[in-house]
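Colleague: This is a predicted model, with the sequence first.
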Amino acid sequence: MRTWGSVTMRLSDTQRLFAPNAAPMTSFSGILRRLHIDGPLFGALLLVCTFGLFVLYSAVGESNRLLLNQIVRIGVAFVAMLIVAQLPPDFLRRWTPWGYAAGLILLVLVLTKGDVGQGARRWLDLGIRFQPSEAMKLGVPMMTAWYLHDRQIPPRLGQLFIIAVMIAVPTLLIAKQPDLGTSLLIAASGVIVIVLAGLSFRLMLGLTVAAVPGALVLWNFMQDYQKQRVLTLLNPDSDPLGAGYNIIQSKIAIGSGGMFGKGWTNGSQAQLEFLPERDTDFIFAVLGEEFGLLGVLTLLVLYLFVVGRGLYIAVQARDTYSRLLAGSISLTFMVYVFVNTAMVTGLVPVVGVPLPLVSFGGTSMVTLMAGFGILMSIHSHRKLLPH
């Protein structure tokens, strides 16, 4: 029996699905352990990326250049995961405040000297063009976990105020780019750390109630196109050839896939280019049309295994910092999956969140894999629990 914040957890038989450590060590598993690579998590990530390449191949049509670029980016992302996995959690914890501060500086530079693209200033060119906001997807939960490491759990009200400032500063800087989707996801990653630290139900309920007037205030600061996305969610047929076009075409694609789909590269909505952003934000619709419900469930099961393995690693972690950080990385990954799939199916507004490890992208892929490298580091450097 172990305590995680105010939450009591028991390693039951179902958790063995995510902890297959009973098998004898083979030469391959020995290599993985020496490299601090968690075999089950590595295998699941490799399957997701491979499945994603099949879907992307169909989505980009004859653009082999995009597919090759994605393969290179996946390779770079796995290298980043391998490098981060070698860093002990104590090292990561010591350098967390400096990394967080560097991230804030980069966000300020984006607002002053960043490259403008598609009406937003989100990129910074320092020899390599990248989005600093992606780094804060790790920086914010790491900083929040660092602050709570040597303090009382659950946190007191004064500590919650300090944490709220830590989360709010990068969130507002990113929202000003503007990038509302990423800013909300980064805020969620910090809030998850607080919840895992044992936030009382009464306080969570109070914060939820307080979020209602907060949302009304946020509405007044949103850009016109962001407001239009919310209104389109409520009634996409009000502008079927304009603001509602993406959602309508996405629903048609997913619905037409049925149980088994139309077949790989045979999706009419994707191949005839009715479906917009089919290689990035709306690639889930390509999956639904060509692979059907069976293909969708296959990907979701792989995602579920990744999240479950991450939570198992969090339970096994040796200190507060590692537990909170591992739990946040795992659950935030689940939030990314939910937001994209809900966005594509018309359950939430379109906020420009890619499908993790499947959508075409560079910085986001590297950030995600670096996060999984942290999970592997936490697991490989843990103190073994008595059986």
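Modeller: Done, it's in.
Colleague: tell me how far stretch 259-279 is from the chain's mean position?
Modeller: 25 Å (CA atoms, centre = their mean, to the nearest Å).
Colleague: buried residues in it?
Modeller: By neighbour count on 16 or more other CB atoms under 10 Å, the buried set for stretch 259-279 is 261-262, 267, 269-271, 274-275, 277-279. In this view, the C-beta of every residue, glycine as well, is placed from N, C-alpha and C.
Colleague: Is it possible to get CSV of those residues that adds pLDDT and distance to residue 320?
Modeller: Rendered in CSV, the data for the buried residues of stretch 259-279 read as follows (pLDDT from 0 to 100; distance: CB to CB, whole Å):
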residue, pLDDT, distance to residue 320
261, 88, 45
262, 91, 50
267, 84, 47
269, 85, 48
270, 81, 46
271, 82, 51
274, 82, 50
275, 83, 45
277, 82, 40
278, 84, 43
279, 85, 41
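Colleague: And the strands in this protein?
Modeller: Assigned by DSSP state E, the strands in the chain fall at 2-4, 7-9, 115-117, 120-125, 129-130.
Colleague: can you tell me which of the ones you listed the model trusts least?
Modeller: Mean pLDDT across those is lowest at strand 7-9; the value there is a mean of 41.
Colleague: now the buried residues of stretch 259-279 as CSV including distance to residue 153?
Modeller: Supplementary listing: the buried residues of stretch 259-279 in CSV, determined by distance: CB to CB, whole Å:
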residue, distance to residue 153
261, 47
262, 51
267, 49
269, 49
270, 48
271, 53
274, 51
275, 47
277, 42
278, 45
279, 43
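Colleague: what's the neighbour count on residue 171?
Modeller: Counted by other CB atoms under 10 Å, the residues lying close to residue 171 total 23.
Colleague: Check the one 10 residues further on too.
Modeller: Applying other CB under 10 Å, we find 23 residues neighbouring residue 181.
Colleague: Report the spatially closest residue to it, excluding sequence-adjacent ones.
Modeller: Nearest non-adjacent residue to residue 181, counting by CB to CB, 6 or more residues apart in numbering: residue 351, 3.2 Å away.
Colleague: Isn't that neighbour up against residue 342?
Modeller: No: counting by CB atoms under 8 Å, residue 351 does not reach residue 342; the two are 9.9 Å apart.
Colleague: between the two, who's got more neighbours?
Modeller: residue 351 (20 against 15).
Colleague: list the contacts for residue 336?
Modeller: In this structure, residue 336 makes contact with 185, 353, 356, judged by CB atoms under 8 Å, 6 or more residues apart in numbering.
Colleague: Alright, calling it a day.
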